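Novice: need a 3D model of the sequence below.
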Amino acid sequence: MRDFGGVLVVTGTGTGVGKTVATAAVAAAARAAGRSVAVLKPAQTGVADDAPGDAAEVVRLAGPAVTACELGRFPEPLAPATAARRCGLPPVRPAEVAKAAGELARGHDLVLVEGAGGLLVRFDEVGSTLADAAALLDAPVLVVVEAGLGTLNTTALTAEALRARNLRCPGVLIGSWPERPDLAARCNLTDLPEAAGAPLFGALPAGAGALPPAAFQARAPGWLAPALHGHWPGPTRAPH
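Specialist: Numbers count the residues shown, from 1 in each chain. Presented below is the predicted three-dimensional model:
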């Protein structure tokens with residue numbers, strides 16, 4: 001299975017699924033494999049001007065060699081279109097995302113574009129989404145999913161939305177694997193690929209983002225499949 005270079009869009013099945021930490025893990029594994037990496041956050045919401053955002057968190061966890069770029073910042077924790085309108089700032093549009101990612105790709109082996117919330121969260125007043133940016137980039141979309149009950153539905157819906165837009169989902173990644181998985185989570189290791197129509201690309205242990213950066217970087221490749229520059233042995237082994 002080939003690993004990814006170029007631009008990889010990272011979305012989630014919703015808010016709070018572990019998308020930023022998953023993005024950091026992908027960045028750390030790529031760096032460990034000798035790739036140069038940039039992370040692009042098109043629209044950061046819910047963070048004050050002087051506070052670190054998601055791109056900075058990726059750099060903190062994956063290492064300072066990762067290049068961080070943020071296009072728009074809006075202080076209220078809302079969908080980007082709503083947050084931009086309420087604070088009177090211009091929204092981020094898909095063409096801006098595609099341009100920025102293309103520029104970063106000229107100087108990096110891998111560019112990770114981390115969305116806000118889920119795939120179809122609105123970026124602007126005309127309803128543009130991360131999916132529109134992915135289409136302009138002709139980039140694959142990695143979907144970060146939850147482990148437990150309910151994840152099959154949200155995963156299937158996201159995968160269906162990607163297919164309807166002729167976008168490719170190369171795989172799904174569990175953003176937080178519980179220390180003591182219940183029956184639903186254990187079954188989902190087998191069922192998630194069927195729901196997504198794409199392979200499972202790994203699972204991050206719960207609390208991974210709280211690890212010291214050096215430990216995070218050392219352990220990240222073990223959470224990810226070879227396609228994401230890792231050596232995860234597959235769903236028969238729990239992440240640790």
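
Novice: not counting residues beside it along the chain, what's closest to residue 189?
Specialist: residue 235 (3.8 Å; CB to CB, 6 or more residues apart in numbering). To be clear about C-beta, it is placed using only N, CA and C from the backbone, and glycine gets the same treatment.

Novice: and what of residue 231?
Specialist: residue 221 (5.6 Å).

Novice: can you give me the neighbour number for the one you found?
Specialist: 22 (other CB atoms under 10 Å).

Novice: residue 233 is in contact with that one, correct?
Specialist: No: using CB atoms under 8 Å, residue 221 makes no contact with residue 233, being 11.6 Å away.

Novice: re the thing from before, mind checking pLDDT for the residue nearest to residue 231?
Specialist: If you check residue 221, the pLDDT there is 97.

Novice: show me where the chain has its strands.
Specialist: Taking DSSP state E as the criterion, the chain carries its strands at 6-12, 37-45, 67-74, 110-118, 141-145, 172-177, 200-205.

Novice: which residues touch residue 202?
Specialist: Residues in contact with residue 202, defined by CB atoms under 8 Å, 6 or more residues apart in numbering, are 173-174, 223-225, 228, 230, 232, 239.

Novice: which parts of this structure are helices?
Specialist: With helices called from DSSP state H, the chain shows them at 19-32, 54-62, 80-87, 94-105, 130-137, 151-164, 183-196, 213-219.

Novice: now the residue lying farthest from the centre of the chain: how far from residue 94?
Specialist: For the chain, the largest distance from the centre (CA atoms, centre = their mean) belongs to residue 88, which lies 27.5 Å off. As judged by CB to CB, to the nearest Å, residue 88 and residue 94 stand 21 Å apart.

Novice: same question, residue 64
Specialist: Going from residue 64 to residue 94 by CB to CB gives 29 Å.

Novice: likewise for residue 56?
Specialist: Taking CB to CB as the measure, residue 56 falls 23 Å from residue 94.

Novice: and residue 63, by the same measure?
Specialist: Plainly put, residue 63 is 29 Å away from residue 94 if you go by CB to CB.

Novice: ok so, going back, more neighbours, residue 56 and residue 94?
Specialist: Applying other CB under 10 Å to residue 56 and residue 94 shows that residue 94 carries more neighbours, namely 20 against 17.

Novice: so what pLDDT did that one get?
Specialist: Looking at residue 94, its pLDDT reads 96.

Novice: surely it and residue 126 touch.
Specialist: No: judged on CB under 8 Å, residue 94 makes no contact with residue 126 at a distance of 10.1 Å.

Novice: surely residue 116 and residue 43 touch.
Specialist: Yes: Residue 116 lies in contact with residue 43 (CB under 8 Å); the separation is 5.1 Å.

Novice: give the residues shared as contacts by the two.
Specialist: With CB under 8 Å, 6+ apart, residue 116 and residue 43 have common neighbours residue 80.

Novice: residue 211: neighbouring residues, count only.
Specialist: Neighbours of residue 211 using other CB under 10 Å come to 16.

Novice: sorry, slip of the keys, the one I care about is residue 191.
Specialist: Using other CB under 10 Å, residue 191 has 15 neighbouring residues.

Novice: and for the closest residue to it other than its chain neighbours, the neighbour number?
Specialist: Closest residue to residue 191 apart from its sequence neighbours, by CB to CB, 6+ apart: residue 152 at 5.8 Å. Using other CB under 10 Å, residue 152 is surrounded by 19 other residues.

Novice: and for residue 12?
Specialist: Using other CB under 10 Å, residue 12 has 28 neighbouring residues.
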